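[1] This is a predicted model, with the sequence first.
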Amino acid sequence: MIVSLDPASPVPLFEQLRAQITRLIVSGEMAPGTRLPAIRHLAADLELARGTVAKVYETLARDGLVVSAGRAGTVVAPVHQHARALAPDELAQAAQGVALIARQLGLSIDDAQRAIRTALAAPSAAREALSDSLAAPSAALQTTSAALMTPSTAL
């Protein structure tokens, strides 16, 4: 599972993680039946408290996106059980973030649009390799624009 948390963001880490896992599920990047990492492993990998990750998983279950499979852990729920789609303003908020970073990096509109088109067109398996191969300024933009579709840092 690929997620990227920004401790400097005003958005709480809980909400960042919940939103990114939701996007992975709703977009189909995580197919029904896909097992989520164990709470303790994800918490350790992201340097979060176990309770924070547990709260995210509980919220996802309440929203119908995941189900507890007992010893098999937590898995993505069948599509017909998905009770929540992305909030309408989440994409607009992400786009505002991309625009801000593009301006801060001094990128032209064409360069910013090219980075977003590249991220949209990249097959999901290649997105991580693509972001790893980009140079520093455009990598920051690519990472942020990729967050529109999927988070960008591998665990």
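    Received the coordinates, thanks. Numbering: from 1, shown residues only.

[2] got the domain boundaries for the chain?
    13-81, 88-146 (automatic domain parsing).

[3] Count the residues that sit near residue 78.
    12 (other CB atoms under 10 Å). The way it works is simple: take the backbone N, C-alpha and C, and place the C-beta from them, glycine included.

[4] Residue 122 now?
    Residue 122 has 18 neighbours, counted by other CB under 10 Å.

[5] and the domains of the chain, which one is worst for confidence?
    Per-segment mean pLDDT for these reaches its minimum on domain 88-146, at a mean of 67.

[6] Could you report the separation of the spatially closest residue to residue 40 that is not a sequence neighbour from residue 103?
    Leaving aside its sequence neighbours, residue 40 sits nearest to residue 50 (CB to CB, 6 or more residues apart in numbering; 5.8 Å). With the distance defined as CB to CB, to the nearest Å, residue 50 ends up 38 Å from residue 103.

[7] of those two, who's got more company?
    Shown here are residue 50 and residue 103; by other CB under 10 Å, residue 50 has more neighbours (14 against 11).

[8] can you redo the domains of the chain as CSV with distance to residue 3?
    Putting the domains of the chain into CSV (distance: least, CB to CB, whole Å) gives the following:
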stretch, distance to residue 3
domain 13-81, 5
domain 88-146, 12
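
[9] of all the ones you listed, which lies closest to residue 2?
    domain 88-146 (6.2 Å; CB to CB).

[10] Show the residue spans covered by the strands in this protein.
    Assigned by DSSP state E, the chain shows strands spanning 66-68, 74-76.
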